[in-house]
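S.K.: coordinates only, sequence not included:
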Ligand SMILES: Nc1ncnc2c1ncn2[C@@H]1O[C@H](COP(=O)(O)OP(=O)(O)OP(=O)(O)O)[C@@H](O)[C@H]1O
């Protein structure tokens, strides 16, 4: 594994009742790279993302992030390690405001608000962190106030990132937002964690052409800023524009991998998309 490798997936496997959803795949994401996974419906893309982000455990294989094995870690630990994600259908807390939705992921970064937090796992001693947290919530300490200010600054900078869309909505409950704004809020929440790797599952699903173009522009901006991204996306124009490398899955396996132009010409890919008439919205790969 080279020093440039951020994420390394080796022989990853996951089956569901005999169905091999992910069947021994290996790939990597280098620092600053945008890698997309494409493939027909049911080819194992989301399962791969779920494995990488700790939502489900693999039946075999390894996942290494920045030199640390994470395939047995739960999703909270993986978030702490530096992977943040969004979900295929968009997940926000409906009754929380935009600002609170963005802040919610940051609880994993709290230190001054949660002293003695390691004692929470010890049944007889868990009252110690509880009392400490209560005291800090009511009275506060200089460190907790600094931490609060830092969190507020992160939330505001994420709202600024989507200023034109979320600026006026910062205090509105998420249920009142348009679908596209809910998805922007979700991306902002993931970015607030300043992840080493941003994992996006179909960020433009359900978006119209101009909303999709907006997401593309934001992805290109993130890429220019050096953000490493692992993306699953059905809109191939966007994939081919933003990706450094494209991985093509079919039946749980990787059937092609390479630069966008090479993948576009790969006969196995054309077969997977067009030969079996399982094309994605009639996109012409040729
Ligand atoms: N929790 C589960 N239980 C049983 N089968 C599952 C489960 N999750 C996924 N599968 C199956 O695993 C296979 C791969 O699914 P996955 O969602 O990873 O595909 P995908 O490439 O993301 O598809 P899509 O493009 O439609 O989102 C499918 O056959 C799916 O039905």
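M.R.: Nice, I can see it. Remember, it's a predicted structure, so these values are computed and weren't measured experimentally.
S.K.: show the contacting residues for the nearest residue to residue 177 once chain neighbours are set aside.
M.R.: Excluding the flanking residues, the one nearest residue 177 by Cβ to Cβ, 6 or more residues apart in numbering is residue 169, at 6.3 Å. For every residue, glycine as well, the C-beta is placed using N, CA and C. The contact partners of residue 169, taken as Cβ atoms under 8 Å, 6 or more residues apart in numbering, are 98, 176-177, 181.
S.K.: pull up the residues of this protein that are close to the ligand.
M.R.: 16, 19, 21, 39, 41-47 (Cβ under 6 Å from any ligand atom).
S.K.: these in strands, which ones?
M.R.: 16, 19, 21 (DSSP state E).
S.K.: quickly list what the second one is bridged to.
M.R.: What that stands for is residue 19. Residue 19 has these beta-bridge partners by DSSP bridges: residue 16.
S.K.: measure it to residue 104 for me?
M.R.: As for residue 19, its distance to residue 104 is 34 Å (criterion: Cβ to Cβ, to the nearest Å).
S.K.: who has more neighbours out of the two?
M.R.: Neighbours were counted for residue 19 and for residue 104 using other Cβ atoms under 10 Å; residue 104 has more, 15 against 11.
S.K.: show the backbone phi and psi for the residue nearest to the spatial centre of the chain.
M.R.: Nearest to the geometric centre of the chain sits residue 85, at 1.9 Å (Cα atoms, centre = their mean). Residue 85 has phi and psi values of phi -140, psi 160 when expressed as degrees, to the nearest 10.
S.K.: wait, doesn't it sit right on residue 193?
M.R.: No: the criterion here is Cβ atoms under 8 Å, and residue 85 misses it with residue 193 at 9.8 Å.
S.K.: in the stretch 51-200 of the chain, what residue lies closest to the ligand?
M.R.: residue 88 (6.1 Å; Cβ to the nearest ligand atom).
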